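Below are the sequence and a predicted model for it; my questions follow.
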Amino acid sequence: MSEEKLGLFDGEDRPTVESAWKFYQKGLQFNNQINLDETVKSNRNFAIGKQWEGVNANGLPQPVFNILKRVTGFIIASITTDNLKVNVTPLANTPNTDDLVEPARIVNEECDALMEINKIPALIRDFARAAAVDGDGCIYTYWDPDVDCGGGVMGAVKSELIDNTRVFFGNPNDRNVQTQPYIQIANREFVRTVKIRARDNGASGWDSIESDTEASQAVDSAKRVDDKVTVLLTLWKDEQTGEIWAFESTESCAVREPWSLGIQLYPLVWLCWDAISNCYHGQAMITGLIPNQIFINKAWAMSMLSIMRTAWPKVVFDKTRISKWDNRVGGAIGINGGDVNSVAKIIDPASIDPQIAQFINMAVQMTEESLGATASALGEGKAYNTSAILSLQRAAATPTEVTKQNLYVAVEDQFRIYKEFMGGYYGTRYVDIETPPEVMQAQQFANIKTEDTIPMAFDFGQLKQMPMHLSMDVGGSSYFSEMASMQTLDNMVSSGLITLRQYLERIPDTYFPKRRALISELMQQEMGMMQPPMPPDAGGGSALDGPMNAMLAQEPEITGGRGYRAAARAVNAV
């Protein structure tokens, strides 16, 4: 009896064009069951103000009082920060922790560079907004070999935001990315571009690639055009080596045969706004607020219609006595006999119940307060005293604290992926390190100008051998926390608990210009103090030893300046 095939992809260890497209159809079917596409489309429309689209208004005005945009912007601004900081430190229980201090510093500096290259603060804001509006946020990271980093170094790590409607988990009942058997990402590209890439990769049958049809069920059918095709990127983890592999294909052809990414983490970060049990898609913040927004808009629309129809006074006149009413200012109206008082009458307009406006205001206020957007948090409260305002703002931030911590966990996962790419793709690169003391001493001996940093080759591949040796701490670094840290260091150096060199090694470069140069000068002074004095000339010295010893033996003169006192003159006179 033949051995049963236990491969992930229909019994095979690697996906084929047919199996990849089959799993893609399964992912589309799951999303259709939970009505994901329509929900995301509706949420996006309400977020940007298209709140009457597809509604039969029956002659009603269509006002939009978009409280969702205001609340969403407030929540995103409150849980994100531009001063995002990632700190890589060796674990305390790691053997030879001192040997990991310099690699951790290099990784920290590279993380700062990647944060600038990928504009992480702006990307995180879009990431959080996608989770609030769509239900899920997804960041995909890849290696771009065409980026010129300077110095002959090519290749950089790039990150981009992906819609949750284009990501399909192998296990749709689990939202944990790293435990997935496989992950698929669907993208629509121009047919010509895909054909060229498939041809360059040596894929057979590349000329059979055609544009999508109605039967292909493209992920963005509303934007389907005739010259685009759906391209699937299938990611899976090798069960033997733990490495991530990838396969790129269309419905009819392979674009690139399976290849190893050289990393052991899926290059995706996933954030659910509100987690749903047994589902990898979360519920968006806007989904539960749409009924409130609809009520507010309809209440305003009916109030406007009532005002337009009944808010102005009307004139009733006797047509048997007045053929036509004249509204001109100062115009005369003629009647045919009778009492003038019984000719016309003005009907007072109907009044709108004030409870309608109260209900609208209550709906707006309670919707905002349920999400923490209170008057104090939005800056609308009266500042009776500082303590009360701070207490109300802290209480308002409580509903979003869990989401904020989940966002920080996602950022930490993102930089763990960056560390994986460093170890798998960077290779050996030159980095600036602080000049070691022995190198400084050699430079001084050779009469070479001492530099505070020197370039040295660093093998980033060693990061793969220490996967559990680095812990990442993510948090928002504010101006106040930095000032508090600086104040603590100032107190410690003033009290003599740390030396000046230890103080300079711990402050940021932005607080002290040429900080490393000053540290190098202090190290030179320390090494000069540790050197033994030169022995006296024993007859075998050079011709310069005599004059030099004479100069050293001569007592220095105390010169006077602006503070020249009698004591100084007395010393010189001795």
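Looks like it arrived, so ask away. Residues are numbered from 1 along each chain as shown.

Tell me how far Ser159 lies from Leu271.
Using CB to CB, to the nearest Å, one obtains 14 Å as the distance from Ser159 to Leu271. Bear in mind the C-beta positions are built from the backbone N, C-alpha and C, glycine included.

out of the two, which sits in the more crowded spot?
Leu271 (26 against 20; other CB atoms under 10 Å).

Spatially central, which residue of this protein would that be?
For the chain, Ile124 is the residue whose C-alpha lies nearest the centre (CA atoms, centre = their mean; 1.6 Å).

Is it in contact with Ala77, as I believe?
No - with contacts defined as CB atoms under 8 Å, Ile124 does not count as touching Ala77, sitting 11.8 Å away.

Could you list the low-confidence segments of the stretch 151-300 of the chain?
Within the stretch 151-300 of the chain, the stretches falling below the threshold (pLDDT under 70) are 214-226.

now the strands: where do they sit in it?
In the stretch 151-300 of the chain, the strands defined using DSSP state E, counting those that start in this stretch lie at 153-162, 167-169, 182-190, 228-237, 244-249, 254-260, 268-272.

Dump those into TSV; add distance to Asp353 as well.
Shown next, in TSV, are these (distance: least, CB to CB, whole Å):
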stretch	distance to Asp353
strand 153-162	47
strand 167-169	49
strand 182-190	52
strand 228-237	54
strand 244-249	63
strand 254-260	65
strand 268-272	42
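
Quickly note the distance from Trp21 to Ala186.
Applying CB to CB, the value for Trp21 to Ala186 is 10 Å.

overlap in contacts of the two?
Here Trp21 and Ala186 have Leu232 as joint contacts, going by CB atoms under 8 Å, 6 or more residues apart in numbering.

Just say helix, strand or coil for the residue nearest to the centre of the chain.
Under DSSP: H, G, I helix; E, B strand; the rest coil, Ile124 falls in the helix class.

Next up, the contacts around the nearest residue to Ala284 once chain neighbours are set aside.
By the measure of CB to CB, 6 or more residues apart in numbering, the closest residue to Ala284 outside its immediate chain neighbours is Gly135, 4.0 Å from it. With contacts defined as CB under 8 Å, 6+ apart, Gly135 is in contact with 36, 39-40, 43, 164, 272-274, 281-284, 287.

swap the cut-off to 6 Å and go again
Under the criterion of CB atoms under 6 Å, 6 or more residues apart in numbering, the contact list for Gly135 reads Trp273, His281, Gly282, Gln283, Ala284.

and of those, the nearest to Cys253?
Checking the contacts of Gly135 against Cys253 with CB to CB, the nearest one is His281 at 30.0 Å.

how far away is the closest one from Arg188?
Distance, His281 to Arg188, using CB to CB: 21 Å.

Between those two, tell me which one has more neighbours.
It is His281, of His281 and Arg188, that has more neighbours when counted by other CB under 10 Å, with 24 against 19.

Tyr142 sits in which helix or strand?
According to DSSP states H and E, Tyr142 maps onto strand 136-150.

What average pLDDT does that strand get?
Within the predicted structure, the mean pLDDT of strand 136-150 is 89.

now stretch 309-324
When pLDDT is averaged along stretch 309-324, the result is 79.

Can you give me the end-to-end span of that stretch?
In stretch 309-324, first residue to last residue: 22 Å (CA to CA, to the nearest Å).

so how far is that stretch from its chain's centroid?
64 Å (CA atoms, centre = their mean, to the nearest Å).

Could you check how far Thr165 is from Pro63?
Distance from Thr165 to Pro63, counting by CB to CB: 30 Å.

Which one's more surrounded, these two?
The neighbour comparison of Thr165 against Pro63 (other CB under 10 Å) goes to Thr165, with 21 against 15.

Angles on the backbone of Gly424, please.
phi -90, psi -20 (degrees, to the nearest 10).

Which residue, neighbours along the chain excluded, lies closest to it?
Excluding the flanking residues, the one nearest Gly424 by CB to CB, 6+ apart is Gly262, at 3.6 Å.

My guess is Val157 contacts Glu420. True?
No - Val157 lies out of contact with Glu420 (CB atoms under 6 Å); the separation is 9.5 Å.

how about stretch 281-297 as PDB, C-alpha atoms only?
Taking only C-alpha atoms (Å, rounded to 0.1, in the frame of the first residue of the first chain), the coordinates of stretch 281-297 have been written out as PDB:
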ATOM      1  CA  HIS A 281     -11.200  39.300  10.600                       C
ATOM      2  CA  GLY A 282     -12.200  41.800  13.300                       C
ATOM      3  CA  GLN A 283     -15.000  44.300  13.600                       C
ATOM      4  CA  ALA A 284     -14.400  47.900  12.700                       C
ATOM      5  CA  MET A 285     -15.100  50.700  15.000                       C
ATOM      6  CA  ILE A 286     -17.300  52.400  12.400                       C
ATOM      7  CA  THR A 287     -19.500  49.300  11.900                       C
ATOM      8  CA  GLY A 288     -21.300  49.700  15.200                       C
ATOM      9  CA  LEU A 289     -21.600  53.500  14.800                       C
ATOM     10  CA  ILE A 290     -23.300  53.600  11.300                       C
ATOM     11  CA  PRO A 291     -26.900  53.200  12.800                       C
ATOM     12  CA  ASN A 292     -26.200  56.200  15.000                       C
ATOM     13  CA  GLN A 293     -24.900  58.200  12.000                       C
ATOM     14  CA  ILE A 294     -28.000  57.300  10.000                       C
ATOM     15  CA  PHE A 295     -30.400  58.400  12.700                       C
ATOM     16  CA  ILE A 296     -28.600  61.700  13.000                       C
ATOM     17  CA  ASN A 297     -28.700  62.400   9.300                       C
END
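
who's in contact with the residue lying farthest from the centre of the chain?
The outermost residue of the chain, judged against the average C-alpha position, is Gly337 (82.5 Å), by CA atoms, centre = their mean. The neighbourhood of Gly337, defined by CB under 6 Å, 6+ apart, contains no residues.

So it, which state does it fall into?
coil.

Would you check how far apart it and Arg321 are?
Note on Gly337: its distance to Arg321, by CB to CB, is 7 Å.

Overlap in contacts, those two.
With the criterion set as CB under 6 Å, 6+ apart, the contacts of Gly337 and Arg321 do not overlap.

Which parts of the stretch 351-500 of the chain are helices?
For the stretch 351-500 of the chain, the helices identified by DSSP state H, counting those that start in this stretch occupy 354-370, 386-397, 401-421, 437-445, 479-494, 500-506, in order along the chain.

The ones you listed: lowest mean pLDDT?
helix 386-397 (a mean of 55).
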